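S.K.: With the input below, show me the fold.
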Amino acid sequence: MMRIALLTYSTKPRGGVVHTLALAEALTRAGAAVTVWTLGRGGDTGFFRPVDPAVALRIVPFPEVAGETVGARILRSVEVLRAAFDPSGYDIVHAQDCISANAVGHCVRTIHHLDTFTTPELARCHERAIVDPYARICVSRTVAEEVEAGWGLRPAVIPNGVDHDRFAAAASDTPVAVAARARWQRELGRYVLAVGGIEPRKGSLSLLEAYAALSRDDPGLALVFAGGETLFDYRDYRAAFDCRARELGIEPRVLGTVDHAELPALMAGAAVFPFLSTKEGFGLAAMEALAAGVPVVVRDLPVFREVFGGAVRFAADPADMAAAMAASLVPDPDRARRGRDLAASFSWDATAAAHLDFYRTHAPGRAAPAA
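M.R.: Residues are numbered from 1 along each chain as shown. The predicted structure follows:
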């Protein structure tokens, strides 16, 4: 039985953490012995959702430090996880992010997307997390090509899985699903839903401008944000967002973190799902929206062209985004079917099988061959 340690940086519902837990459970179903290591920030003793009991969890306490800068918090995260982690009991050590890769050094690393840091210590942390691992995986060909162009390295490409059935069930006609969607719609009305919080990488200001144009013709449509847990300090960006919202006369609903059990109904009840990130590795939340039958608009990026093809609408600027969202409000059964079929084609069990093949090929210490 292969013994695998998967490491992530948080217990909160960010994309990399969602990926880590789903992969761990699928690897366990495939017969591996998996332990997930993470930091318990703010007193957390568990993850944001229940985890299959067959997956072992190691949550390292990480107390808050008042007044700590982002850079200092990230460097302390590395040190705390490094001090706690013992690699000796594992055949594979697999880091899912910059923090955990720096903490363990000699590992497999999944590079979900590339970041740009201006703070020297964070830039060095990002560099080490790409260069030091002995083998690398990317969740899309586009990001793998960025890594090759920037560092001359050739990661393997293993796409995300999608929990298709969970989100498709939320869009079904069963009484439970209908009632769950109706609860959100009574609270929010008709709504545009963004997941991931208000932050630069999510393109929140672009969405605000696009929504302002859209709502002039459809004033009954609300703008809703869900999620937003992050390590970074986006207070200045949020202040700029709030200022611009006031100027535009917009009052978005900001829900914060939504309970794991409630998220599918929230997503299935949306009129349209804009996913306007400036950087992504795959676009898991948008794929979940497609599984729920919700029309999706994405920023026109190469990674989204690769992953989504004709299942979504693409837009390059706020005017295009507003037009694409307006078009998405008109029912398009054929596009909805393509979206559901696309989401159903990504299985976590298939992703786990590809990882196990990758692990068997890349014994610790061997350089990864060309993908």
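S.K.: okay, now the residue nearest to residue 8 when sequence neighbours are not counted: neighbour count?
M.R.: The shortest distance from residue 8 to any non-neighbouring residue, by CB to CB, 6 or more residues apart in numbering, is to residue 20 (4.3 Å). (Each C-beta comes from the backbone N, C-alpha and C, glycine too.) When counting by other CB atoms under 10 Å, one arrives at 27 neighbours for residue 20.
S.K.: Residue 205 now?
M.R.: 18.
S.K.: Not counting its neighbours along the chain, what's nearest it?
M.R.: With sequence-adjacent residues excluded and distances taken as CB to CB, 6+ apart, residue 205 is closest to residue 241, at 5.9 Å.
S.K.: give me phi/psi at that neighbour?
M.R.: When quoted as degrees, to the nearest 10, the phi and psi of residue 241 stand at phi -60, psi -50.
S.K.: The residue nearest to residue 8 contacts residue 6, doesn't it?
M.R.: Yes - with contact defined as CB atoms under 8 Å, residue 20 counts as touching residue 6 (5.3 Å).
S.K.: Touching both of those two, which residues are there?
M.R.: 36, 96 (CB atoms under 8 Å, 6 or more residues apart in numbering).
S.K.: follow-up on the earlier one: measure the residue nearest to residue 8 to residue 333 for me?
M.R.: Per CB to CB, to the nearest Å, residue 20 is found 35 Å from residue 333.
S.K.: One more: residue 108?
M.R.: With CB to CB as the criterion, residue 108 and residue 333 are 42 Å apart.
S.K.: out of these two, which sits in the busier spot?
M.R.: More crowded of residue 108 and residue 333, by other CB under 10 Å: residue 108, with 26 against 8.
S.K.: Grab the nearest non-local neighbour of the more buried one.
M.R.: Closest to residue 108 by CB to CB, 6+ apart is residue 94, at 4.4 Å.
S.K.: May I have the phi/psi pair for the one you found?
M.R.: Here is the backbone geometry of residue 94 (degrees, to the nearest 10): phi -130, psi 110.
S.K.: What does the pLDDT read for the residue nearest to residue 205?
M.R.: Note on residue 241: pLDDT of 96.
S.K.: Would you check how far apart it and residue 189 are?
M.R.: Here the criterion is CB to CB. By it, residue 241 lies 21 Å from residue 189.
S.K.: Please apply the same query to residue 223.
M.R.: To residue 189, residue 223 is 11 Å away according to CB to CB.
S.K.: quick one: the strands in the stretch 1-150 of the chain?
M.R.: With DSSP state E, counting those that start in this stretch as the criterion, the stretch 1-150 of the chain has strands at 3-7, 33-41, 56-62, 92-95, 108-111, 135-138.
S.K.: ditto for the stretch 251-371 of the chain
M.R.: For the stretch 251-371 of the chain, the strands defined by DSSP E, counting those that start in this stretch cover 253-254, 273-275, 296-299, 313-315.
S.K.: What lies in contact with the shortest one?
M.R.: Counting contacts by CB under 8 Å, 6+ apart, the residues outside strand 253-254 that touch it are 188, 191, 198, 222, 223, 224, 225, 228.
S.K.: Surely the third one is within a strand?
M.R.: I take that to be residue 198. No - under DSSP: H, G, I helix; E, B strand; the rest coil, residue 198 sits outside any strand and is assigned coil.
S.K.: So it is in contact with residue 234, correct?
M.R.: Yes - using CB under 8 Å, residue 198 is in contact with residue 234, at 7.1 Å.
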